[in-house]
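Participant: Sequence and predicted structure, then a few things I'm wondering about:
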Amino acid sequence: MSLELNIPCETGIVTALLDNAENPTAFLILAHGSGAGKDHEFMSGYARAVAREGISVLRFNFPYMDAGKKFPDRAPLAISTWKRVREWAGSNVSGGLAVFVGGKSFGGRMASLAVAEGMDSRSLIFLGYPLHAPKKENKLRDEHLYPLQVPMLFLEGTRDPFANPEILNRVVSELNEDSEVVWFEGADHSFKVARSGRTISEDGAGLAETTADFIRRQLNAD
């Protein structure tokens, strides 16, 4: 069962959920996408499945989500929230384990911007990186990624309108050598595959094994 937590931030309090693994080997902090918060079925399915793989997961809301606002926080606030959650988790709940960070779409991109500004993380994990807006492939959100030295895992659907496969493959090939992209055939930006018969929760859970394998490889490389 997920443990409800309140994390003090500059805007007041952000809410979080902790899924503790049994005898955890690592700790993952996870942020949601722009349209749905930490309680969304996709986020729940993913977090709980990763915890079953032996990795504890803390998922949190950005301030706008807790406030019931429609539009995401601007980048400076989202980045500062990420930094505060990372700091708080390291002092209160990670138990000294290696900390990995990432998120769904917007949440993952904000995590990478926070890491670019010095936030500590063992690696970055993207659940559908929004490389560009749909049909705007000439405006990429990639410049801050190239200098990063942490390993990066991009989990992507082949039908994702936010990530042209050819372009994303090129971008990842130009990142540090420990970064990789894993494609999920037929999946859209929410990792939904037409006529798959899976629930939203199962769509999220389907990414857990790949995530856990990546984290274990990073730990073994230490």
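Facilitator: Great, that's in hand. Residues are numbered from 1 along each chain as shown.
Participant: What are the boundaries of the strands in this structure?
Facilitator: In the chain, the strands defined using DSSP state E lie at 3-9, 12-19, 26-31, 55-60, 99-104, 124-127, 152-157, 180-184.
Participant: Please tell me how far the closest residue in space to Ala16 that isn't next to it in sequence sits from Thr158.
Facilitator: If you skip the residues right next to it in sequence, Ala16 has Phe60 as its closest partner in space, 3.9 Å away by C-beta to C-beta, 6 or more residues apart in numbering. Heads up, the C-betas are built off the backbone N, CA and C, glycines and all. Distance of Phe60 to Thr158, given as C-beta to C-beta, to the nearest Å: 29 Å.
Participant: quick one: which of the two has more around it?
Facilitator: Between Phe60 and Thr158, counting by other C-beta atoms under 10 Å, Phe60 is the more crowded of the two (28 against 13).
Participant: residue contacts, the spatially most central residue of the chain?
Facilitator: When the chain is reduced to its mean C-alpha position, the closest residue under C-alpha atoms, centre = their mean turns out to be Gly103, at 1.5 Å. Under the criterion of C-beta atoms under 8 Å, 6 or more residues apart in numbering, the contact partners of Gly103 comprise Leu30, Ala31, His32, Gly33, Arg109, Met110, Ala111, Ile125, Phe126, Leu127.
Participant: same thing but 7 Å
Facilitator: By C-beta atoms under 7 Å, 6 or more residues apart in numbering, the contact list for Gly103 reads Leu30, Ala31, His32, Ala111, Leu127.
Participant: Show me the helices in this structure, by range?
Facilitator: Counting by DSSP state H, the chain has these helices, from start to end: 41-52, 63-66, 75-92, 106-116, 165-173, 200-205, 208-221.
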